[in-house]
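Student: Structure for this input, please:
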Amino acid sequence: MRAVALLLLAFTVAPSHAEQATISMPGTIEQVLARPLFNEPYMCSEHAAGELPHPGDDLGQDCMIAAFDEGKEPLFLRLYRTDGSKNEDWYGWNHPVYSPCDCDVVKIHVNPVTNQPGQQNESRASSVILRTSDGTMFVVAHLQEFVTREGSRLKAGDQIGFVGNNGYARAPHVHIGAWRGKQALQVRWDQRAMKIH
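Tutor: Here you go, the predicted structure:
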């Protein structure tokens, strides 16, 4: 009953479509289209503008693979099988990660320390820096076991590694960020390229 009352209240105080205010912000945030990092269902949380100091972090996204757990009710997408206390519980753990673009592999950094879920290690994450032909840079971080190397040329959708849990991470996921020069870019997913199995 309370939920119904709240819903009615929301309809009462919400402005109609014609009355909705347009939020004016100085400047615009440039966007870049990226091929999805996974071939499974996933969800991302976005970092707000100015939340993190570096272009590869600012406006970035943290993406986690999700799955339907047929053995649990109610049936909805979940991030982990049991209580999530082990990396292997997480649906994304050790799943393939694919290149978001046609690009050159500029730099790979390997962090050999694997975090336990709920605990982060205050160190730089394993990551790969990618550069497209127009100079757009991408970082894909928190990976493990890279299957590419510096100097390689990748097509969007080529595998680059596997989902890990290292650096400033509390759970298996992949961070993606993009920038051009010193300007952070907002990543948008090319949904035509999604290959959900």
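Student: Next one: the residue lying closest to Tyr98 once chain neighbours are set aside from Ala184, what distance?
Tutor: Excluding the flanking residues, the one nearest Tyr98 by CB to CB, 6 or more residues apart in numbering is Gly157, at 5.2 Å. Every residue, glycine included, has its C-beta placed from N, CA and C. Applying CB to CB, to the nearest Å, the value for Gly157 to Ala184 is 24 Å.
Student: Please say which of the two ends up with more neighbours.
Tutor: For the pair Gly157 and Ala184, the greater number of neighbours falls to Ala184 (23 against 15), based on other CB atoms under 10 Å.
Student: what bridges to the more buried one?
Tutor: Counting by DSSP bridges, Ala184 is bridged to Trp179.
Student: per-residue confidence for it?
Tutor: On pLDDT, Ala184 comes in at 92.
Student: next one: Glu19
Tutor: On pLDDT, Glu19 comes in at 37.
Student: Also Asp104?
Tutor: 98.
Student: ok, now how distant is it from Thr148?
Tutor: Distance from Asp104 to Thr148, by CB to CB: 10 Å.
Student: Then Thr82?
Tutor: When Thr82 is compared with Thr148 (using CB to CB), they lie 32 Å apart.
Student: Check Ser127 too.
Tutor: Applying CB to CB, the value for Ser127 to Thr148 is 12 Å.
Student: do the same with Glu40
Tutor: Going from Glu40 to Thr148 by CB to CB gives 20 Å.
Student: Met43 now?
Tutor: Distance, Met43 to Thr148, by CB to CB: 25 Å.
Student: before we move on, what about Gly118?
Tutor: As judged by CB to CB, Gly118 and Thr148 stand 30 Å apart.
Student: ok, the two, which is more surrounded?
Tutor: Thr148 (17 against 9).
Student: got any ranges where the chain has weak pLDDT?
Tutor: Applying pLDDT under 70 to the chain flags the ranges 1-26, 196-197.
Student: how about the helices in it?
Tutor: 2-13 (DSSP state H).
Student: Quick one: the strands in it, in order.
Tutor: 31-34, 42-46, 61-65, 67-68, 77-78, 96-98, 103-109, 127-131, 137-141, 143-144, 153-154, 159-163, 174-180, 183-189 (DSSP state E).
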